[in-house]
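1. Turn this into a structure:
(2 chains)
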Amino acid sequence: MRRWDSMEDFEAFLDGGGLVEPGDDMPDPYRQAVFRFIELHANSEYMGGLTERDWIAKAPGLTNKLTALAKTQDEVGHAHLLYMVAADMGVKTRDEMTADLLAGRTTFHNVFHYRAHSWGDQIAIAYLVDAAALASQQAVFKNCSYGPYKRILRRIIAEEGFHMRNGEELLLKMAKGTAQQHDMMQEGIDRWWWPSVQLFGPDTRPDDVLLRWHIKSERNEDLRDRFVQKMVPQLQAAGFTVPDPDLRQDPDTGRWVSGEIDWDALKAAIAGRGPDSERRLRDARNAWDGASWVREALDEAAAVPA
Amino acid sequence: MKTYEVFLKRAGKDPFAHVGALEAPDDDLALSFARDCYARRSEGEQMWVVAREDLLVADPTELQMADRAHRHNDGTFLRDLRQVGNAEPA
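-> Take a look at the predicted model:
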């Protein structure tokens, strides 16, 4: 078993680009911090998968239904992979993680605490939320010091790329559509712009261990700024407006500067006090309970000798 | 539930590579879940699924062999020998 004599040795190993593996005797604070981060990611993929599932029946047309189905499989698949990686850290079992999520004892991303009202919302989610999530994941993948997480992120990022492209495709279709479609899309953007910006989180604190231990490779504010610079011109070019009355372009640098960001909304959402938190969790519990017969049947079948 | 490790062989001359793990109640379902989780988009042309308990795992500290210089002829001595050879008149 690989072990390090001190935190200084361990951090020197990480600074040198070392990858930590599950069998290593890693310092406990590192184990706990990385575990919590992966658990949050897994929970978010799972809750995202359930949201996506809601749209299989409601998506307009067979092609969009098939895409919703594939995306649901992807998101639930990501949750599977991440829960395996998290469970192997030896902090909690997978069953404990599921129980904690459904009881509201652990958290998931703010964007899954809001309701998707229309097909326009669903496209705004695919376009804005998936782009924000992808940018965050790429920044983790780039320099991630925990081996199993880095390897599984490669696959997750590739699949999120499909979702983001699908979101842009649908957004541009709506942009070229009827006035009603255009308005529906604009309403979706109005509802999802701020939650997407908030997804990156407040400015990274100087003592952030995730940055020091090479889980994150970039500061929240840099990722958020890059998102704004990329998305504002794209939305405007497609004929949509950004729901930020104080958004302005710096005359010297040409960079977009957001208005004040409401961090209380982010805190409330993550704490389970978002506009749709209660229904989402209830829905997740119902889905889990409703599928218990499948799990029981599988266990019973496995217990029967071949 | 049992834990399984999944290996995929991508294409052609690529070797099998570990891609991740999964939980399944038995071997048949492990294969089925592995296809669903890891090979939905033709990510591999062959797949191995192995129960984790059947894997023999080496201690990583016993794999650190960088100090066995006799197994790594990097050509330093040879270069010196050749120079000596060149310096001497034939």
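
2. Quick check: the most centrally placed residue in chain B vs A:His80, distance?
-> With distances taken as CA atoms, centre = their mean, the residue of chain B nearest its centroid is B:Ala17 (6.4 Å). Going from B:Ala17 to A:His80 by CB to CB, to the nearest Å gives 19 Å. (C-beta placed from N, C-alpha, C; glycine too.)

3. which residues sit in contact with whatever residue of the stretch 201-306 of chain A ends up closest to chain B?
-> With CB to the nearest CB as the measure, A:Ala302 is the residue of the stretch 201-306 of chain A nearest to chain B, at 3.5 Å. Applying CB atoms under 8 Å, 6 or more residues apart in numbering or on different chains, we find A:Ala302 in contact with B:25-26, B:29.

4. quick revisit: quick check: bridge partners of the residue nearest to the centre of chain B?
-> B:Ala17 forms beta bridges with B:Leu8, as assigned by DSSP bridges.

5. isn't it right next to B:Ala11, touching?
-> No: between B:Ala17 and B:Ala11 there is no contact under CB atoms under 8 Å: 11.6 Å.

6. Next, count neighbours for the residue of chain B found nearest chain A.
-> Nearest residue of chain B to chain A (CB to the nearest CB) works out as B:Pro25 at 3.5 Å. As a burial measure, B:Pro25 scores 18 neighbours (other CB atoms under 10 Å in any protein chain shown).

7. Grab the nearest non-local neighbour of it.
-> A:Ala302 (3.5 Å; CB to CB, 6 or more residues apart in numbering or on different chains).

8. follow-up on the earlier one: phi, psi of the residue of chain B closest to chain A?
-> According to degrees, to the nearest 10, the main-chain angles of B:Pro25 amount to phi -70, psi -30.

9. Local confidence estimate at it?
-> Here the pLDDT value assigned to B:Pro25 is 91.

10. Could you pull up the contacting residues of it?
-> For B:Pro25, the contact set (CB under 8 Å, 6+ apart) comprises A:298-299, A:301-302, B:1-2.

11. Now do it against B:Arg35, distance only.
-> 16 Å.

12. Output the lowest mean pLDDT helix or strand found in chain A.
-> helix A:292-303 (a mean of 88; mean pLDDT, DSSP states H and E).

13. Now find how far off-centre it is within its chain.
-> 31 Å (CA atoms, centre = their mean, to the nearest Å).
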